[in-house]
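> with the input below, show me the fold.
(chains A and B)
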Amino acid sequence: MNKEVNTDIVRPKQIPRRAFAAIAGEKLIELIIRLSGVSAIIFVLAIFFFVFREALPIFFSDHFDLFKFLFNTQWYPTSAVNVRYGTFALTVGSISITFLAMLIAVPFGLGSAIYISEFCGPKQKESLKIIIELLAAIPSVVWGFIGLTVMSRMIISITGAPVGVNLLNGGIILALMSVPIIVSISEDALKAVPDSYREAALALGATRWQIVYRVLLPAAKNGLLAAVLLGVGRAVGETMAVLMATGHAVQIPHGLLDSVRTLTANIAAELGEASVGSDHYHVLFLTGVLLFLLTFAVNLTADFVIRGIRRK
Amino acid sequence: MADAIDPATRFAKTDFVIRKERIQAISKALFLIMVVIMIIPLLSIIAYLVYHAMPSLNWEFLIEAPKKGMSEGGIWPAFVGTLYLVVISLAIAAPIGVFAAIYLNEYAKENWFNRIIHLAVINLAGVPSIVHALFGLGAFVYAAQFGYSIISASLTLAIMTLPVIIASTREALASVPASFREACWNVGATRWQTIRAIVLPNSISGILTGIILQVSRAAGETAPIMFTGAVFYKAVARGELFPYYLNEQCMALSMHLYTISTQVPNVKESIPYATAVVLLCSVLVVNASAIALRVWLRNHKKW
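Residues are numbered from 1 along each chain as shown, chains lettered A, B, ... in the order given. So this is what the prediction gives:
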């Protein structure tokens, strides 16, 4: 046998001109692809940079104190004599409305996800998933309008409260808005549990409910937690619906029927009135920075939780 | 010998089995009720909106301009404005999003840098819409000097829809089997040739579905355009097709609904309802067609 194989690769001496154009074109398109690839990083940094840049001058203002900004309940940005920028009541408003929304949305979201994933047939599953996807598409301003009209009338007639736009109204609207995202992500989490787990439990004589309760919930708990966290992220960041449905009082709520104002709604309501470059304007941007960091933390946590499952 | 078993009760259910089956039935009913409780009120709310909108819902309402300080008339300028914003923002976001997804799915390796890109996409998707509005105001309206204009508002919307387009496109690309690519590489095609000739044609429908779903998102958002380019009122003739320049502000359906339901006094009662129904229906029709496209494609899948 001839052991001496010619290992030299035959290369053309000169690359043809057309091939050269094709290679240059390909290099160009790959450059565009790589640039687009990093665009997400650029945009996240740009969002932080530009919002923070507009907020920065407030730190050099006489009327501003970071501690008071975070922990004072007095929000009087346009007062002529004593301007106060305390966002604590707004933060409490955001937290309380998110908490109420999750109190309603989490049981319903998880329950629906379990039903869709484990209890119903393929046809029913398909149509329920489509309905939920359509629910997720309803614009937030339409939700706000529903809160303002339908929900507010219902609340007045059932509870006898003087105004219908309040914490309860906003909480219900936000719950309805965050249910679809909770359902779809928890359903994914349940789907990710290997079928062999279900089969093993079935072989031991477990019923569907026993499988859900003893096998699926423990196995999928990280994914379900991530679903709840993403629901929280959506509820904290929601603007138009809470702007229209919660009433507009800057106060710490003492009951379900009190009006509240959230961090997001506050920006939306006052940004139009604040004159550009004023302290008020900069403070609103600082609230934006606060919101950005808050949702950043929530989303990052949710992602780490989801990643934890994949690694297993 | 084993204990004698009465043949009549040999296969009868024991108390334990009966109890466990009862719990099973109860739990199934409970979860079904949860689903029903979630869906029924929503359908009835939508029916309620349509019922109240009925007096105003007609062709004239759609193509007429608002009259008498927006308390009467139609929604044409807002409807066209929304079309402008949606088309321009998707024309910007779709190419960038598709290219970014191609990078992530076809070029990127598993390393820390691409992990950061992944985190950035997730966080971009989670940024509250009002923060996007602040960003648009700071970056496009002031820093880039576009002013309050359609272009600023569209850019803001584009950045907001980008992460979702990236995610859905990536999913569509990932559903093309790896063997398709390998076959193409083996006949000597380069990476980009493979993507252009094999990967994109086989995933284009999934990519389009993802982009169509973002049409409704862009049409429905209010907060990001409120401070960057949408305006309360702009005079537009009835049925005029191209009423706006790109450096002008425009009206938008979502903004119009917010304005007439909270800021304008003495609006004819059915008008806000009709506006809400038009917005809701446009969004749902677009989404339903995207979903129908997806279902049709899944049934006609070749591999």
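
> CA only for contacts and neighbour counts going forward, please
Fine.

> for the residue in the stretch 151-300 of chain B that chain A sits nearest to, give me its contacts.
Nearest residue of the stretch 151-300 of chain B to chain A: residue B:220, at 4.6 Å (C-alpha to the nearest C-alpha). Shown in contact with residue B:220 (C-alpha atoms under 8 Å, 6 or more residues apart in numbering or on different chains): A:138, A:139, A:140, A:141, B:253, B:254, B:279, B:283.

> would you mind measuring from residue B:41 to chain A?
Distance from residue B:41 to chain A, counting by C-alpha to the nearest C-alpha, to the nearest Å: 10 Å.

> helix or strand: which one has that residue?
Using DSSP states H and E, the element containing residue B:41 is helix B:15-53.

> equivalent analysis for residue B:254, please.
Element membership of residue B:254, judged by DSSP H and E, is helix B:253-262.

> would you mark the buried spots in that helix?
Under the neighbour-count criterion of 16 or more other C-alpha atoms under 10 Å in any protein chain shown, helix B:253-262 has B:253, B:254, B:255, B:256, B:257, B:258, B:259, B:260, B:261 buried.

> do the same with stretch B:274-287
B:274, B:275, B:276, B:277, B:278, B:279, B:280, B:282, B:283, B:284, B:286, B:287.

> what is the lowest-mean-pLDDT helix or strand in chain B packed up against?
Across the helices and strands of chain B, mean confidence by mean pLDDT, DSSP states H and E is lowest for strand B:72-73: a mean of 77. Applying 3 or more C-alpha pairs under 8 Å, 6 or more residues apart in numbering or on different chains; DSSP states H and E, we find strand B:72-73 packed against strand B:66-67.

> which residues sit against the strand it packs on?
B:72, B:73, B:74, B:75, B:76.

> before we move on, back to that, is the helix holding residue B:254 positioned near chain A?
Yes. Counting by C-alpha under 8 Å from any C-alpha of the partner chain, chain A is contacted by helix B:253-262 at B:254, B:257, B:258, B:261, B:262.

> how about those in a markdown table, adding pLDDT?
What follows is the residues of helix B:253-262 next to chain A, written out as a markdown table (pLDDT from 0 to 100):
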| residue | pLDDT |
| --- | --- |
| B:254 | 91 |
| B:257 | 91 |
| B:258 | 90 |
| B:261 | 87 |
| B:262 | 85 |
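
> follow-up on the earlier one: max pairwise distance over the buried residues of stretch B:274-287: which two?
Using C-alpha to C-alpha, the buried residues of stretch B:274-287 reach their maximum pairwise distance at B:274 and B:287, which is 19.7 Å.

> list the residues that contact the nearest residue to residue A:299 once chain neighbours are set aside.
Distance criterion C-alpha to C-alpha, 6 or more residues apart in numbering or on different chains; nearest residue to residue A:299, sequence neighbours excluded, is residue B:123 at 6.2 Å. By C-alpha under 8 Å, 6+ apart, the residues touching residue B:123 are A:44, A:295, A:296, A:299, A:300.

> wait, the fourth one sits on residue A:230?
Yes. With contacts defined as C-alpha atoms under 8 Å, residue A:299 counts as touching residue A:230 at a distance of 6.6 Å.

> name the element the residue nearest to residue A:299 belongs to?
helix B:112-126.

> buried sites along that helix?
B:114, B:117, B:118, B:119, B:120, B:121, B:122, B:123, B:124, B:125, B:126.

> report the distance from the helix holding residue B:41 to the chain centre.
Distance of helix B:15-53 from its chain centroid, counting by C-alpha atoms, centre = their mean, to the nearest Å, is 26 Å.

> low-confidence ranges, the chain, go.
Reading this off chain A. When residues are selected by pLDDT under 70, those of chain A lie in A:1-18, A:309-312.

> actually, chain B is the one I wanted.
Filtered on pLDDT under 70, chain B yields the residue ranges B:1-5, B:7-8, B:302-303.

> quick check: residue B:277 vs residue B:271, distance?
10 Å (C-alpha to C-alpha, to the nearest Å).

> shared neighbours of those two, which are they?
Counting by C-alpha under 8 Å, 6+ apart, the residues touching both residue B:277 and residue B:271 are residue B:53.

> in the stretch 1-150 of chain A, which spans are strands?
A:75-76, A:84-85 (DSSP state E, counting those that start in this stretch).

> dump those to CSV, plus distance to chain B.
CSV is the format used below for the strands of the stretch 1-150 of chain A (distance: least, C-alpha to the nearest C-alpha, whole Å):
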stretch, distance to chain B
strand A:75-76, 19
strand A:84-85, 18
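
> and the ones you listed, which is most packed in?
When those are scored by mean count of other C-alpha atoms under 10 Å in any protein chain shown, the highest mean neighbour count falls to strand A:84-85 (a mean of 22).
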